[in-house]
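S.K.: sequence and predicted structure are below.
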Amino acid sequence: MVAIGYEDIVKAPKALLHDHLDGGLRPATIIELADAIGHPLPSTDPEELGRWFVTAADSGSLERYLETFAHTVAVMQTADALRRVAAECALDLAADGVVYAEVRFAPEQHLDHGLTLDEVVEATVAGFAEGTALAAAAGQRIRIGTLLTAMRHAARSQEIAELAVRFRDSGVVGFDIAGAEAGFPPTRHLDAFEYLQRENFHFTIHAGEAFGLPSIWQAIQWCGADRLGHGVRIVDDITTGATPVLGRLAAYVRDKRIPLELCPSSNVQTGAAASIAEHPIGLLRDLRFRATVNTDNRLMSGTSMSREMALLVEAFGYGWAELQWFTINAMKSAFIPFDERLAIIDEVIKPGYAKLLP
Ligand SMILES: [Zn+2]
């Protein structure tokens, strides 16, 4: 097999469904924004600060992990800051060869300096549009869809779901809930999910990362999630051996082609997988689940879409055919209209990989 070079992976078109806006800031931007509001940081050297984020997220301490987001969220409290962070997110993803991305964030976490929920979304969506236009001017085509996240420990999911629907024609393509799984089952937010279903809207649910099968089962069978954020613990319902045997829930997820938003590096950091080589993505691909590759938090994991793919190439010996398979899986599972998904697959992804495939 021809070894795949990192530069070629960057050039290959990639699709990303699970990326947090507050988990992907540039360290230099955090430093500038923090300086402007007098927010203290662990370091004011961009490289050192970047390393601090990865180390803190790696530490295994929940307190230190949460501290990383306390810093990023603290500097994203004005319309200008949100617009800048969103624009840079679009530019960074485009430079990494991502042609389609759904980026999520929780508007309720950006109200500290007096912005309203609507103003938070307006600024962020404007930032994505600005970054997308700048990337296009530099010859890099990217389409970004915004997902609005509600925090599962809070009680604003209905309000955030209505906010998402209000912005459905202005860049918001879906809804999500995130936060600690244990003790906060998705069924707490049933009203919001039922509302979204009545509105013919799309949503994904963070489930089956730290917590196991009951969380995945609730997300699908009670809440009606279109996709699973992570969903990696679905492997607990698969008996491995010479011929793997799927339990009823795993079989349902595979039969219904429910997309799994797998995030290899992030899962290793949180302990949901022991290493990239032992990550269930290998088994889930072999069994042809609708598996996708994602970044989760680029800053905290010190990663990018190209790096995640390179890690999988290294761990599982994947070639271009597999990378194209993951990419098309993601594009098929996107929350934008079917004809637009098809256009990106036929006009961008397939021709891009055709140049790389032997
Ligand atoms: Zn996530």
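M.R.: Structure received.
S.K.: biggest helix in this structure by residues?
M.R.: If you go by DSSP state H, the chain has its longest helix at helix 117-137.
S.K.: which SSE is immediately downstream of that helix?
M.R.: Once the chain leaves helix 117-137, the next helix or strand it forms, by DSSP states H and E, is strand 143-151.
S.K.: export that following strand to CSV, keeping only CA atoms.
M.R.: Extracted in CSV, the C-alpha atoms of strand 143-151 (Å, rounded to 0.1, in the frame of the first residue of the first chain):
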residue,chain,number,x,y,z
ARG,A,143,-20.0,25.5,3.8
ILE,A,144,-20.7,25.8,7.5
GLY,A,145,-24.0,24.9,9.2
THR,A,146,-24.5,26.0,12.8
LEU,A,147,-25.9,23.7,15.5
LEU,A,148,-27.3,25.2,18.7
THR,A,149,-26.5,23.3,21.9
ALA,A,150,-28.5,23.3,25.1
MET,A,151,-26.7,22.3,28.3
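S.K.: okay, strands next: where are they in the chain?
M.R.: Assigned by DSSP state E, the chain shows strands spanning 14-20, 98-105, 143-151, 172-178, 203-207, 227-230, 238-239, 245-246, 260-262, 291-293.
S.K.: low-confidence ranges, this structure, go.
M.R.: 1-2 (pLDDT under 70).
S.K.: okay but residue 13 is in contact with residue 326, surely?
M.R.: No. Taking contacts as Cβ atoms under 8 Å, residue 13 lies outside contact range of residue 326: 11.6 Å. The way it works is simple: take the backbone N, C-alpha and C, and place the C-beta from them, glycine included.
S.K.: now do the same contact list for residue 91.
M.R.: Listed by Cβ atoms under 8 Å, 6 or more residues apart in numbering, the contact set of residue 91 reads 131, 134, 135.
S.K.: tell me which residue of this structure is furthest from the middle?
M.R.: residue 242 (33.0 Å; Cα atoms, centre = their mean).
S.K.: let me see the contact set for residue 128.
M.R.: Counting by Cβ under 8 Å, 6+ apart, residue 128 has contacts 86, 87, 89, 90, 103, 144, 146, 171.
S.K.: how close does the fourth one get to residue 129?
M.R.: Right, the one you point to is residue 90. Counting by Cβ to Cβ, to the nearest Å, the gap from residue 90 to residue 129 is 8 Å.
S.K.: those two: who's more crowded?
M.R.: A side-by-side neighbour count of residue 90 and residue 129, using other Cβ atoms under 10 Å, places residue 90 first with 26 against 17.
S.K.: tell me the gap between the longest helix of the chain and the middle of its chain.
M.R.: 18 Å (Cα atoms, centre = their mean, to the nearest Å).
S.K.: in that helix, what counts as buried?
M.R.: Buried residues in helix 117-137, counted by 16 or more other Cβ atoms under 10 Å: 117, 119-132, 135.
S.K.: could you chop this structure up by domain?
M.R.: 6-23+80-352, 26-75 (automatic domain parsing).
S.K.: of those domains, which stretch is the most buried?
M.R.: domain 6-23+80-352 (a mean of 20; mean count of other Cβ atoms under 10 Å).
S.K.: got the end-to-end distance for it?
M.R.: Start and end residues of domain 6-23+80-352 are separated by 15 Å (Cα to Cα, to the nearest Å).
S.K.: please apply the same query to stretch 149-157.
M.R.: By Cα to Cα, one end of stretch 149-157 lies 8 Å from the other end.
S.K.: before we move on, what about stretch 180-187?
M.R.: Its first and final residues considered, stretch 180-187 spans 14 Å by Cα to Cα.
S.K.: and if you look at stretch 256-271?
M.R.: 28 Å.
S.K.: show me how far it is from its chain's centre.
M.R.: For stretch 256-271, the distance to the chain centre is 9 Å (Cα atoms, centre = their mean).
S.K.: give the contact list for residue 282.
M.R.: Residues near residue 282 by Cβ under 8 Å, 6+ apart: 315, 316.
S.K.: for the strands of the chain, which one sits closest to residue 81?
M.R.: strand 98-105 (12.4 Å; Cβ to Cβ).
S.K.: excluding chain neighbours, give the residue nearest to residue 216 in space.
M.R.: Distance criterion Cβ to Cβ, 6 or more residues apart in numbering; nearest residue to residue 216, sequence neighbours excluded, is residue 208 at 4.0 Å.
S.K.: residue 346 versus the one you found, what's the distance?
M.R.: Distance, residue 208 to residue 346, by Cβ to Cβ: 32 Å.
S.K.: picking up where we left off before, and the strands of the chain as TSV, adding distance to residue 310?
M.R.: Shown next, in TSV, are those (distance: least, Cβ to Cβ, whole Å):
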stretch	distance to residue 310
strand 14-20	11
strand 98-105	14
strand 143-151	23
strand 172-178	26
strand 203-207	25
strand 227-230	21
strand 238-239	27
strand 245-246	30
strand 260-262	15
strand 291-293	11
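S.K.: which one of these lies closest to residue 69?
M.R.: strand 14-20 (8.6 Å).
S.K.: which strands and helices lie in contact with the closest one?
M.R.: helix 79-95, strand 98-105, strand 227-230, strand 291-293, helix 305-316, helix 320-332 (3 or more Cβ pairs under 8 Å, 6 or more residues apart in numbering; DSSP states H and E).
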